[in-house]
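Asks: I need the structure of the sequence given here:
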Amino acid sequence: MRSISRKTAAWVSGAVIVVVVGTAGIVGAAHGGAAAAGGRAARTAATARPAPVKPAPVPVRLVSISPASGSPAVNGASDITVTYNEPLPVSAPLPRLSPAIAGTWQRAGDTAVFAPATGYPAGTRVTVTVTGQANARDRSGESSIFITGRYSTLRLQQVLAQLGYLPLTWQPATGATATAPNAAAQLSAAYSPPAGTFGWQRGYPAELRGFWREGSPNRLDMGAITGFEADHAMGTDGVAGPAVWTALLRAASAGRRNTHGYSYAIASQRIPETLTIWHDGRRVFSSAANTGISVAPTPVGTFAVYEKLPYQVMTGTNPDGSHYADPVQWVSYFSGGSAVHYISRGSYGWPQSLGCVELPYTAAAAAYPYLPYGTLVTVTS
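Replies: Okay, here's the model as predicted:
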């Protein structure tokens with residue numbers, strides 16, 4: 001049988017049918033129109049992509065608060081930083097501080113930062129509260145509590161020296177940034193004093209140096225604080241309490257220096273008894289003086305002048321039980337009822353008083369301005 005091969009084409013309903021006839025009969029056929037449509041459908045299905053799914057919004061959560069809760073001795077002038085897991089929306093409430101102080105909050109990336117205008121004083125209990133973000137899984141609504149530290153004794157001494165209340169100078173260390181003359185910088189330095197060096201002013205007796213303890217409370221500090229208190233109409237107890245620190249930092253910011261100089265006095269009980277005064281590094285006064293009798297001695301030690309009166313009637317009880325009311329002048333109290341003052345005596349230079357340091361009239365008038373508040377008076381045995 002002969003092999004027959006031929007191609008037959010025909011139009012059926014507008015579509016081309018191709019039939020291949022071979023020895024095995026009809027070996028293949030396709031409906032052109034259906035194949036084309038099917039191909040297009042397959043290509044469409046192959047290239048189609050699922051519609052993008054919008055991710056659920058991430059809730060704003062608290063990550064940390066700095067200073068951390070429970071932190072002691074915090075610098076009250078430092079920034080307070082609250083960190084979140086993502087930037088805080090503009091519509092979201094900012095944290096709250098208690099007690100509230102002047103300053104500004106700034107949103108910076110994932111943080112909210114509070115920059116105080118000045119800061120918190122020493123020993124302040126500060127609460128930072130992060131308000132709720134309406135999401136049960138976050139930590140919003142939490143509070144962080146920290147306590148500011150104590151002011152530095154070293155910084156107290158630095159400022160007193162700079163303002164002229166000590167017989168020393170103080171200079172910042174070479175290359176160190178000087179403390180800016182503003183309240184915020186002064187408060188920050190009160191917590192964390194800058195490095196620097198003290199230097200003694202010349203001309204004072206060696207006894208004065210023995211009272212100094214850098215970085216620790218000492219007699220020189222007490223006298224300087226007393227003088228500062230008097231200049232700022234405060235009680236003269238020689239203690240750097242909160243009110244003294246507030247006034248001291250203000251004076252440092254404004255550069256308000258001591259205007260009466262620095263004085264030191266020694267009342268010697270060696271016969272003949274004398275009172276000697278040094279002022280601004282020079283010996284400016286020396287006179288015969290009377291100190292206390294054995295039954296009413298003048299206290300031995302070093303004390304700060306805490307009260308001054310140009311005139312007074314001193315009253316009290318004599319050793320024999322009788323009472324006295326003596327008019328005195330140019331009075332500078334330095335320990336309890338003991339004072340440097342004028343009283344009329346027939347002579348001077350030996351024990352006659354009931355605990356005071358007595359001077360002749362002319363000498364007392366000359367000594368009075370050289371014994372300003374805070375002057376250290378050393379009474380030797």
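
Asks: Which parts of the stretch 51-200 of the chain are strands?
Replies: Assigned strands in the stretch 51-200 of the chain, in chain order: 62-66, 80-84, 96-98, 103-108, 111-116, 125-129, 143-147, 168-172, 196-200 (criterion: DSSP state E, counting those that start in this stretch).

Asks: Would you format the ones you listed as a markdown table with mean pLDDT included?
Replies: Converted to a markdown table, these look like this (pLDDT from 0 to 100):
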| stretch | mean pLDDT |
| --- | --- |
| strand 62-66 | 93 |
| strand 80-84 | 95 |
| strand 96-98 | 96 |
| strand 103-108 | 95 |
| strand 111-116 | 96 |
| strand 125-129 | 96 |
| strand 143-147 | 93 |
| strand 168-172 | 95 |
| strand 196-200 | 97 |
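
Asks: Let me have those in a markdown table, extended by distance to I266 and mean neighbour count.
Replies: Placement of C-beta: from N, CA and C, glycine included. Output for the strands of the stretch 51-200 of the chain, formatted as a markdown table (distance: least, CB to CB, whole Å; neighbours: other CB atoms under 10 Å):
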| stretch | distance to I266 | mean neighbour count |
| --- | --- | --- |
| strand 62-66 | 53 | 17 |
| strand 80-84 | 51 | 20 |
| strand 96-98 | 52 | 14 |
| strand 103-108 | 50 | 13 |
| strand 111-116 | 47 | 18 |
| strand 125-129 | 46 | 16 |
| strand 143-147 | 44 | 18 |
| strand 168-172 | 19 | 16 |
| strand 196-200 | 17 | 14 |
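
Asks: among these, which is nearest A184?
Replies: Proximity of those to A184 was assessed by CB to CB; the nearest stretch is strand 111-116, lying at 7.0 Å.

Asks: What residue spans form the domains of this structure?
Replies: Listed domain ranges for the chain are 6-41, 62-147, 153-254, 263-379 (source: automatic domain parsing).

Asks: mean pLDDT for the ones you listed: which is lowest?
Replies: Mean pLDDT per stretch puts domain 6-41 lowest among the domains of the chain, at a mean of 44.

Asks: you'd agree S268 is up against A288?
Replies: No. If you go by CB atoms under 8 Å, S268 and A288 don't touch, sitting 10.5 Å apart.
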